[in-house]
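In: sharing a model prediction with you, sequence too.
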Amino acid sequence: MFPHRLTDPRAYDIAKTMMEGFNRHYRLFSETNREAKRRFEQADWHGQQRAQRERIEFYDIRVDECVQRLQTGFDIGTLADDTWQQVKLHYIGLLVDHHQPELAETFFNSVTTRILHHSYFRNDFIFVRPAVSTEYIENDEPAALPTYRAYYPTRETLRETLIRIVDNFQLQREFEDLERDIDDVMLALRDEVGGNVRLRANFQIQVLSSLFFRNKGAYIIGKIVNGFASTPFALPILYGASGKLLIDTALFTEDDLLMLFSFARAYFMVDMEIPSAYVQFLRSLMPRKPRSELYAALGLQKQGKNAFYRDFLYHLRHSSDKFRIAPGIKGMVMLVFDLPSFPYVFKVIKDYYPPQKDTTREQIKGKYLLVKTHDRVGRMADTLEYTSVAFERARIEQELIDELMKFCPSLIEEDGDQLIIKHLYIERRMIPLNIYLQDATPEQMNHAVIEYGNAIKDLVAANIFPGDMLWKNFGVTRHGKVVFYDYDEIEYITDCNFRRVPAPRNEEEEMSGEIWYAVGPKDVFPETFGPFLLGNPQVREIFMKHHGDLLDAAFWQGHKERILAGHVHDVFPYEPHKRFVNQRATRAPSA
């Protein structure tokens with residue numbers, strides 16, 4: 001229970017120190033996001049990638065700084081329980097009129113749980129539930145932009161309004177032909193909603209006030225409201241071959257936006273004073289998208305983790321099934337389990353591995369961190385990393401408990417009727433590709449094998465060598481995309497040496513069942529992939545037709561040389577046929 005009186009004078013100073021720590025974090029986070037516009041205008045792609053990587057590290061650095069200040073200034077480890085509760089009450093008071101109260105609560109939790117034992121995590125010491133509402137928060141400063149702008153065009157002024165929407169972002173680079181691009185947007189809009197739709201009295205276009213920056217693109221995000229109908233849209237702005245800007249396509253469906261905001265893509269950089277308002281707006285475009293994933297997509301991955309865990313606890317209270325060993329082929333490095341009613345899997349690093357896996361727990365954690373900070377190009381699943389997660393023993397199948405005790409004893413702590421897992425990863429559940437192919441129709445198999453090759457090629461372009469490319473290490477999403485999710489053997493393409501298998505020098509070498517040539521630790525022989533991947537004749541035929549170049553060392557070496565030369569690949573989170581440049585080519589009359 002909370003105390004009735006605030007009796008410890010240190011409590012307010014501690015709360016204020018923690019709030020100052022959060023405010024510093026969000027100020028630096030926002031400065032990096034604001035600079036994304038300048039980097040885009042200067043086509044500074046390496047700077048953009050660097051900023052995206054460094055921004056992920058901001059949060060933990062600020063938490064560590066705050067913990068250090070508290071330990072130095074307040075001997076924080078000796079505080080009584082009563083004082084900790086008073087700290088939280090003072091902190092709640094500081095959240096009144098704050099523009100990011102939910103993020104500040106999460107920061108408080110992060111600092112507190114660095115100091116206290118996990119047995120405190122479920123009591124009054126932290127924010128188990130939000131204490132301050134995020135609804136209808138507004139920035140009342142006179143010069144502040146609202147979360148979104150509303151435009152009220154007529155049918156006659158719609159084209160002019162779309163041009164004004166783009167111009168209002170004041171990008172300091174010239175467009176190739178904005179009039180042409182807007183004509184394409186108008187055509188796409190007409191195809192989506194129909195040319196004879198009646199415009200209702202409340203017809204309006206609502207556009208979020210900040211551009212969304214990621215990789216080499218800037219995205220205008222908004223919705224068209226017409227009576228009771230609402231149509232989401234996104235306009236990607238890229239650089240054309242001329243070095244000038246262009247609108248690359250117009251996306252108008254929830255599924256299009258779900259792909260744009262996919263869990264397998266890098267986080268956006270968005271200049272936003274009130275993140276909860278952006279999340280609320282985005283939820284109106286994508287009602288099926290969890291708030292946790294939207295916060296993460298906005299670069300607020302710690303808030304995403306917090307929101308996810310609250311959703312997880314809520315689900316546990318309203319379900320009764322048990323955690324089990326996940327279906328599929330068991331991994332050599334990870335023990336994977338799931339809860340059938342919950343669309344995620346839980347992955348724990350084993351304590352020991354078979355001889356062919358020459359790795360350590362720290363190296364594996366390093367690979368997962370690499371994926372977190374790298375451009376995932378829609379082909380690598382994002383993971384949520386947690387420490388000291390408590391599970392009710394009664395909700396765990398005995399077979400899973402036995403496996404955890406056998407393979408991960410150093411990470412398991414028993415606490416009464418609970419099992420504490422000291423470190424785990426959580427990621428969205430997908431259908432393993434090897435299982436998907438077992439029951440696939442010919443059409444599904446064709447699509448999946450082509451997608452598998454496309455996934456590998458996208459990873460290659462992003463400087464990622466998957467390492468173990470077996471089908472079981474890829475999954476199929478609900479949108480039919482193939483995504484990689486086994487990271488313990490990934491390497492940078494630029495760190496690998498791609499070679500052809502040397503010709504045998506004599507008959508003895510030719511007939512040998514053993515490798516007769518020297519192999520370095522980073523050597524890769526793409527032509528040897530075939531026997532492991534293409535045992536199914538149907539799969540082999542499709543693969544060789546579309547992706548036979550993946551078995552050629554020259555393909556891999558060519559990409560390595562491009563990356564080393566400074567090339568940054570283009571990433572399109574939509575199908576090629578949606579691009580205006582391809583549509584114009586289709587519409588053009590034949591010669």
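Out: Cool, got the structure. Here the structure is a predicted model, which means the values were calculated and not measured.
In: show me the chain divided up by domain.
Out: Domain segmentation of the chain under automatic domain parsing yields 10-120, 148-297, 319-429, 433-578.
In: could you dump those to JSON lines with distance to residue 303, mean pLDDT and mean neighbour count?
Out: For the C-beta atoms, the positions are set from N, CA and C on the backbone; glycine is no exception. Shown next, in JSON lines, are the domains of the chain (distance: least, C-beta to C-beta, whole Å; pLDDT from 0 to 100; neighbours: other C-beta atoms under 10 Å):
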{"stretch": "domain 10-120", "distance to residue 303": "5", "mean pLDDT": "92", "mean neighbour count": "18"}
{"stretch": "domain 148-297", "distance to residue 303": "4", "mean pLDDT": "95", "mean neighbour count": "18"}
{"stretch": "domain 319-429", "distance to residue 303": "12", "mean pLDDT": "93", "mean neighbour count": "17"}
{"stretch": "domain 433-578", "distance to residue 303": "22", "mean pLDDT": "91", "mean neighbour count": "16"}
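In: got TSV for these, with distance to residue 306 too?
Out: As requested, the domains of the chain are exported to TSV (distance: least, C-beta to C-beta, whole Å):
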stretch	distance to residue 306
domain 10-120	4
domain 148-297	8
domain 319-429	10
domain 433-578	23
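In: now residue 150, what are its backbone angles?
Out: phi -110, psi 130 (degrees, to the nearest 10).
In: contacts only, for it.
Out: Residue 150 sits next to 204-207 when contact means C-beta atoms under 8 Å, 6 or more residues apart in numbering.
In: so which of those residues comes closest to residue 362?
Out: Each of these was scored against residue 362 by C-beta to C-beta, and residue 207 proved nearest at 45.6 Å.
In: so where's the longest helix in this structure?
Out: Looking across the chain with DSSP state H, the single longest helix is helix 10-41.
In: show me what it is packed against.
Out: Packing partners of helix 10-41 (3 or more C-beta pairs under 8 Å, 6 or more residues apart in numbering; DSSP states H and E): helix 45-74, helix 81-95, helix 101-115, strand 212-214.
In: before we move on, the earlier item: now for the contacts of residue 150: which two are most distant?
Out: 204 and 207 (10.0 Å).
In: find residues that contact each of the two.
Out: 150-151.
In: for residue 561, which of the helices and strands packed on helix 10-41 is the nearest?
Out: Nearest of the helices and strands packed on helix 10-41 (C-beta to C-beta): helix 45-74, 17.0 Å.
In: in the stretch 351-500 of the chain, which spans are helices?
Out: 361-373, 398-407, 433-438, 442-461 (DSSP state H, counting those that start in this stretch).
In: over to the stretch 201-350 of the chain?
Out: Using DSSP H, counting those that start in this stretch, helices in the stretch 201-350 of the chain cover 254-260, 275-285, 291-297, 301-317.
In: mind listing what's buried in the longest one?
Out: The reference is to helix 301-317. 301-310, 312, 316 (16 or more other C-beta atoms under 10 Å).
In: skipping adjacent residues, who's closest to residue 164 in space?
Out: residue 151 (7.2 Å; C-beta to C-beta, 6 or more residues apart in numbering).
In: so can I have JSON lines of the helices of the stretch 351-500 of the chain showing distance to residue 263?
Out: Below are those laid out as JSON lines (distance: least, C-beta to C-beta, whole Å):
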{"stretch": "helix 361-373", "distance to residue 263": "12"}
{"stretch": "helix 398-407", "distance to residue 263": "25"}
{"stretch": "helix 433-438", "distance to residue 263": "17"}
{"stretch": "helix 442-461", "distance to residue 263": "15"}
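In: quick one: which of these is nearest residue 17?
Out: Per C-beta to C-beta, nearest to residue 17 of the helices of the stretch 351-500 of the chain: helix 361-373, 28.5 Å.
In: for residue 579, grab phi and psi.
Out: The phi/psi pair for residue 579 (degrees, to the nearest 10) is phi -70, psi 140.
In: ok, residue 350 next?
Out: Dihedral angles (degrees, to the nearest 10) for residue 350: phi -70, psi 160.
In: return the residues in contact with the nearest residue to it once chain neighbours are set aside.
Out: Using C-beta to C-beta, 6+ apart and skipping the chain neighbours, the partner closest in space to residue 350 is residue 407 (4.4 Å). Applying C-beta under 8 Å, 6+ apart, one finds that residue 407 lies in contact with 335, 350-352.
In: so residue 407 versus residue 426, what's the distance?
Out: 18 Å (C-beta to C-beta, to the nearest Å).
In: and for residue 234?
Out: Distance from residue 234 to residue 426, by C-beta to C-beta: 28 Å.
In: now what about stretch 289-304, what contacts it?
Out: With C-beta under 8 Å, 6+ apart as the criterion, stretch 289-304 contacts 29, 33, 55-56, 59, 102-103, 106-107, 110, 258, 261, 263, 265, 267-270, 272, 275, 278-279, 282-283, 286, 305-308, 311, 372, 382, 384.
In: same thing but 7 Å
Out: For stretch 289-304, contacts defined as C-beta atoms under 7 Å, 6 or more residues apart in numbering pick out 55-56, 59, 102-103, 106, 110, 258, 261, 263, 267-270, 275, 278-279, 282-283, 307-308, 311, 382.
In: ok, back up a step: out of the helices and strands packed on helix 10-41, nearest to residue 456?
Out: helix 45-74 (20.9 Å).
In: and the closest one, what does it pack onto?
Out: helix 10-41, helix 101-115, helix 361-373 (3 or more C-beta pairs under 7 Å, 6 or more residues apart in numbering; DSSP states H and E).
In: next, the angle from the longest one to helix 101-115.
Out: It stands for helix 10-41. Helix 10-41 runs at 120 degrees relative to helix 101-115, counting by axes from the mean of the first three to the mean of the last three C-alpha atoms, to 10 degrees.
In: just checking the distance from helix 10-41 to the centre of its chain.
Out: 22 Å (C-alpha atoms, centre = their mean, to the nearest Å).
In: and for the last one?
Out: In terms of C-alpha atoms, centre = their mean, the centre of helix 361-373 is found 15 Å from the chain centre.
In: what does the second one give?
Out: When C-alpha coordinates are averaged (C-alpha atoms, centre = their mean), helix 101-115 and its chain have centres 22 Å apart.
In: for residue 500, what are its contacts?
Out: So residue 500 contacts 527, 553 (C-beta under 7 Å, 6+ apart).
In: sorry, back to before: closest one of the contacts of residue 407 to residue 196?
Out: The closest of the contacts of residue 407, once distances to residue 196 are taken by C-beta to C-beta, is residue 335, at 58.3 Å.
In: residues contacting the nearest residue to that closest one once chain neighbours are set aside?
Out: Spatial nearest neighbour of residue 335, chain neighbours left out: residue 348 (4.7 Å); criterion: C-beta to C-beta, 6+ apart. Shown in contact with residue 348 (C-beta under 7 Å, 6+ apart): 334-335, 404, 408, 411, 421, 424.
In: make it 6 Å
Out: 335, 408, 424 (C-beta atoms under 6 Å, 6 or more residues apart in numbering).
In: now do residue 386
Out: Contacts of residue 386 (C-beta under 6 Å, 6+ apart): residue 424.
In: what's opposite it in the beta bridge?
Out: Here residue 386 sits in beta bridges with residue 424, going by DSSP bridges.
In: now it: how far from residue 367?
Out: 17 Å.
In: do the same with residue 572
Out: 26 Å.
In: how about residue 307?
Out: 26 Å.
In: also residue 35?
Out: Distance from residue 35 to residue 367, by C-beta to C-beta: 29 Å.
In: also residue 147?
Out: 38 Å.
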